[in-house]
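# Any chance you can model this:
(one chain, ligands or ions: 2)
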Amino acid sequence: PIETLYDLEKLSVLGQGSGGTVYKTRHRRTKTLYALKVLRSNLHTTVAVEADILKRIESSFIVTCYAVFVSLSDLCFVMELMEKGSLHDALLAQQVFSEPMVSSLANRILKGLRYLQEMGIVHGDIKPSNLLINKKGEVKIADFGASRIVAGGDYGSNGTCAYMSPERVDLEKWGFGGEVGFAGDVWSLGVVVLECYIGRYPLTKVGDKPDWATLFCAICCNEKVDIPVSCSLEFRDFVGRCLEKDWRKRDTVEELLRHSFVKNR
Ligand code: ATP
Ligand code: MG
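Ligands and ions are numbered 1, 2, ... in the order given. Purely as a prediction, here's the structure:
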C-alpha cells in the first residue's frame, strides 16, 4: 500500500546511525505506523538487487522491510516499527537481562540467522543496535541488507569492529575486507548475549584503553573471556561455543539451536 514516500508522514526521530537517520512515520491513509530509514548514498547500482532480496524476506525473527525508495542522494527503507528500540538502547538504559531473558533472546536471534542462512545471506553486522524490540518485547534482526549496501565495509562510527569475529578482523586488518562466512554471525551473537548479561562490552576489561590494538588483542589473542561465576553451566558452555576463535571449530546455528541453553525457549 506504500506507493510513494509522500504516503508517509514523519512524526519523530527514532535514532541516528553512521549512514543516516531513522524516523517514526505514519501512513496518511491507513494510519499504520512505520519506521523510515533514510541513508545518504551514492552506491545505487547494487540497490535494485538488494531491494529484491529484502522483499523476499519474510520471517517473524527479522524486521520486515516493506518498500525501498531511491532518490538522487538518498536511499529510503520503509520498515516494521519496533516500538521498544534496540538492544543497544536497552543496554544504555542499563536494563538488566536475566539468564532466561538472554536465553530466549539467543533463541530468537538463532532462528533469525537460520532463516537468513537458508536464503544464503550472511548478516555480517550482528550487534546490539541491529537487534530491535517490538512492543510485545520480541527481538528481531534488522539491517542485514542496509549495512552491506551502504556501508560497504566501512563499519566506522559505532566501533562496530567490536562484534567482528577473529577471522573477520584478520581480513579487515590485512585489508581484504569482504567475504564473511555464517560463522562470523555466530561469534557476534556470542558477544551480544554475554554483553546483555553483564551489561557492558564483554571482551575487554573495565579500564582497558578503548583503542584498536586493545580490541584486536581481545578478539584475536586473549584466550579467556571472563564469564561471571553466576552463569549456569549451560550458559557458559553456549557462550564458549559461540566465542570459539577458530571458526572451523565454532558451532553452527543448527548445532546451537539444539543446545540445552536455548532448546526449549
Ligand atoms: P550503524 O549506522 O553503525 O548501523 P545503527 O544500527 O545504530 O548504527 P541505524 O540502523 O541507522 O544505525 O539505527 C539507528 C537507531 O534507530 C537504532 O539504534 C534504533 O534505536 C533505531 N531504529 C532503527 N530501525 C528501527 C525500527 N525499525 N524501529 C524502531 N527503531 C529503529
Ligand atoms: Mg542499524
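
# How about the contacts made by Cys231?
99, 197, 239 (C-beta atoms under 8 Å, 6 or more residues apart in numbering). The way it works is simple: take the backbone N, C-alpha and C, and place the C-beta from them, glycine included.

# Mind giving me the PyMOL select for these, buried ones only?
Burial among the contacts of Cys231 is assessed by 16 or more other C-beta atoms under 10 Å; the matching PyMOL selection reads:
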select buried, resi 197+239
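
# Adding distance to ligand 1 and pLDDT, write the contacts of Cys231 out as TSV.
Output for these, formatted as TSV (distance: C-beta to the nearest ligand atom, whole Å; pLDDT from 0 to 100):
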residue	distance to ligand 1	pLDDT
Glu99	25	97
Tyr197	20	97
Val239	23	97
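
# I'd like to know which of the contacts of Cys231 are part of helices.
With DSSP state H as the criterion, helices contain 99, 197, 239 from among these.

# backbone phi and psi for Leu39, please?
phi -120, psi 140 (degrees, to the nearest 10).

# Distance of it relative to ligand 1?
8 Å (C-beta to the nearest ligand atom, to the nearest Å).

# Need the pLDDT of that residue.
At Leu39, the model reports a pLDDT of 82.

# and it, bridged to which residues?
Listed by DSSP bridges, the beta-bridge partners for Leu39 are Gly20, Leu75.

# So what's the residue count around it?
21 (other C-beta atoms under 10 Å).

# Ok, Glu118 next?
Using other C-beta under 10 Å, Glu118 is surrounded by 10 other residues.

# Distance of it relative to ligand 1?
Distance of Glu118 to ligand 1, computed by C-beta to the nearest ligand atom: 23 Å.

# what do you get for Leu54?
Computed with C-beta to the nearest ligand atom, the distance linking Leu54 and ligand 1 is 13 Å.

# Could I get the contacting residues of the residue nearest to that residue when sequence neighbours are not counted?
Distances taken as C-beta to C-beta, 6 or more residues apart in numbering place Cys65 nearest to Leu54, at 4.4 Å, with adjacent residues excluded. When the contact criterion is C-beta under 8 Å, 6+ apart, the partners of Cys65 are 54-55, 57, 77-80, 145.

# Rebuild those as a markdown table, extending it with secondary structure, distance to Leu91 and pLDDT.
Shown next, in a markdown table, are those (DSSP: H, G, I helix; E, B strand; the rest coil; distance: C-beta to C-beta, whole Å; pLDDT from 0 to 100):
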| residue | secondary structure | distance to Leu91 | pLDDT |
| --- | --- | --- | --- |
| Leu54 | helix | 27 | 76 |
| Lys55 | helix | 31 | 75 |
| Ile57 | coil | 26 | 87 |
| Phe77 | strand | 24 | 89 |
| Val78 | strand | 27 | 93 |
| Met79 | strand | 21 | 93 |
| Glu80 | strand | 22 | 96 |
| Gly145 | helix | 24 | 53 |
